[in-house]
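> Provided below for reference: sequence and predicted model.
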Amino acid sequence: MGRRPIEVEADIGFEVWSEDLNELFEEAALAMYEIMVDVKRVKPKEERVIQIKSEGIDMLLHDWLSELLYITDVESMVFSRFEVSINDSELEGRAFGEPIKPEHNPKTEIKAVTYHKLNVSKENDFWRATVILDI
């Protein structure tokens, strides 16, 4: 399991990898929030439940991250812990966090999850995903 930032022009992206598909989606969400805030300072006080059905695993990841970003935009919530359960093309996820505060050290505002270079694939025993975000 792991994650690292990748450089792209005018946007920001990341790669995540894990032996488990559910953990891959959890890592992707964590990587996205690490770009926005210091997640170590975000307390998992409140829970949001997210259910998504999408066509294809790439779209499922896109829609998962987009829904989290929507909650952040509408409710000013940031998250630091995630639980995901994927069954075929359906995802049930839980995000734990709190309303954004100055002590979260806000860094980068993310406008959207893009389709550019979006990819989820299984390589040997590892799942890997690449995500580009519009900032």
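Nice, I can see it.
> Could you pull out the strands in this protein for me?
Assigned by DSSP state E, the chain shows strands spanning 2-7, 11-18, 46-53, 77-87, 90-99, 112-113, 119-123, 126-134.
> mind giving me TSV with those and columns for distance to Leu65?
Glycine gets a C-beta too; all of them are placed from N, C-alpha and C. TSV is the format used below for the strands of the chain (distance: least, Cβ to Cβ, whole Å):
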stretch	distance to Leu65
strand 2-7	13
strand 11-18	10
strand 46-53	10
strand 77-87	11
strand 90-99	10
strand 112-113	5
strand 119-123	11
strand 126-134	7
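> Hmm, Val113 is touching His62, no?
Yes. The pair Val113 / His62 is scored as a contact, 5.5 Å apart, by Cβ atoms under 8 Å.
> if we can go back for a sec, tell me, which of the strands of the chain is the model least confident about?
Note on those: strand 2-7 shows the lowest mean pLDDT, a mean of 79.
> what lines up beside that one in the sheet?
strand 11-18 (antiparallel) (DSSP bridges).
> mind checking how far the residue nearest the centre of the chain is from Thr72?
Nearest residue to the geometric centre of the chain (Cα atoms, centre = their mean): Ala29, 2.0 Å. Note on Ala29: its distance to Thr72, by Cβ to Cβ, to the nearest Å, is 11 Å.
> Which residues are in contact with each of the two?
Phe79 (Cβ atoms under 8 Å, 6 or more residues apart in numbering).
> and of the strands of the chain, who's closest to Phe25?
strand 77-87 (4.3 Å; Cβ to Cβ).
> hmm, who's touching that closest one?
Contacts for strand 77-87 (Cβ under 8 Å, 6+ apart): 21-23, 25-26, 29-30, 33, 36-37, 39-40, 42-44, 46, 48, 60, 64, 68, 71-72, 91-100, 104.
> Name whatever forms a beta bridge with Arg48.
With DSSP bridges as the rule, Arg48 is bridged to Ala95.
> what about the longest helix in this structure?
helix 57-75 (DSSP state H).
> That helix: which residues count as buried?
57-65, 67-69, 71-72 (16 or more other Cβ atoms under 10 Å).
> Equivalent analysis for stretch 71-91, please.
71-72, 77-84, 86, 91.
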